[in-house]
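Colleague: Got a sequence here, can you build the structure:
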Amino acid sequence: MKTIRRILAVILAMAIAFALALPVFAEGSAAPEAEAAKGGENTVRDFKAMSAAVIIAIVAAGGAIGMALTIMKTIDGIARQPEAASQIRSVMMLGLVFIETAIIYALIVAILVVFVL
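Modeller: As a prediction, the model looks like this:
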């Protein structure tokens, strides 16, 4: 459990560092009108793409960790009670489907951020 906490702490630190580094990537100008005249739409598009990438990265990492924990506990449960292996496997598959559904929802949100907003 300590290893998972360390991994989560590193992922959280990376997400915070990335969020704090976002202003570095921004192209600032003195007046918004000047930026619009130069094609400020590109900056907005860049931020949309970057936010979509952050959404997918965080959710995919969380989903991968959740799936790994689910599979780890399933293998442990099957090792302790081999006679209940089919029931444990079916419950594990249901849990994995729910985790994957959350990841797919995040993908849909990211696509909407890039193409609709």
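Colleague: List the residues that contact the most far-flung residue of the chain relative to its centre.
Modeller: Farthest-out residue of the chain from its mean C-alpha position, per C-alpha atoms, centre = their mean: residue 83, at 36.2 Å. Taking C-beta atoms under 8 Å, 6 or more residues apart in numbering, we find residue 83 in contact with no residue. To be clear about C-beta, it is placed using only N, CA and C from the backbone, and glycine gets the same treatment.
Colleague: Would you mind measuring from it to residue 95?
Modeller: Residue 83 sits 21 Å away from residue 95, going by C-beta to C-beta, to the nearest Å.
Colleague: State the next helix or strand along the chain beyond the helix or strand of the chain with the lowest mean pLDDT.
Modeller: In the chain, no helix or strand scores lower on mean pLDDT, DSSP states H and E than helix 32-38, which sits at a mean of 55. Tracing the chain C-terminally past helix 32-38 and defining elements by DSSP states H and E, one meets helix 41-80 next.
Colleague: if you skip the residues just before and after it, what's nearest to residue 113?
Modeller: In space, and not counting its chain neighbours, residue 113 is closest to residue 52: 5.0 Å by C-beta to C-beta, 6 or more residues apart in numbering.
Colleague: tally of neighbours for that neighbour?
Modeller: Burial of residue 52 is recorded as 20 neighbouring residues (other C-beta atoms under 10 Å).
Colleague: Which pLDDT value belongs to it?
Modeller: For residue 52, the pLDDT comes out at 83.
Colleague: Contact partners for the closest residue to residue 71 other than its chain neighbours?
Modeller: Spatial nearest neighbour of residue 71, chain neighbours left out: residue 92 (7.0 Å); criterion: C-beta to C-beta, 6+ apart. Shown in contact with residue 92 (C-beta under 8 Å, 6+ apart): 70-71, 74.
Colleague: Is residue 92 within a helix or a strand, and which one?
Modeller: Using DSSP H and E, residue 92 falls in helix 85-115.
Colleague: Pull the distance from that helix to the chain's centre.
Modeller: 12 Å (C-alpha atoms, centre = their mean, to the nearest Å).
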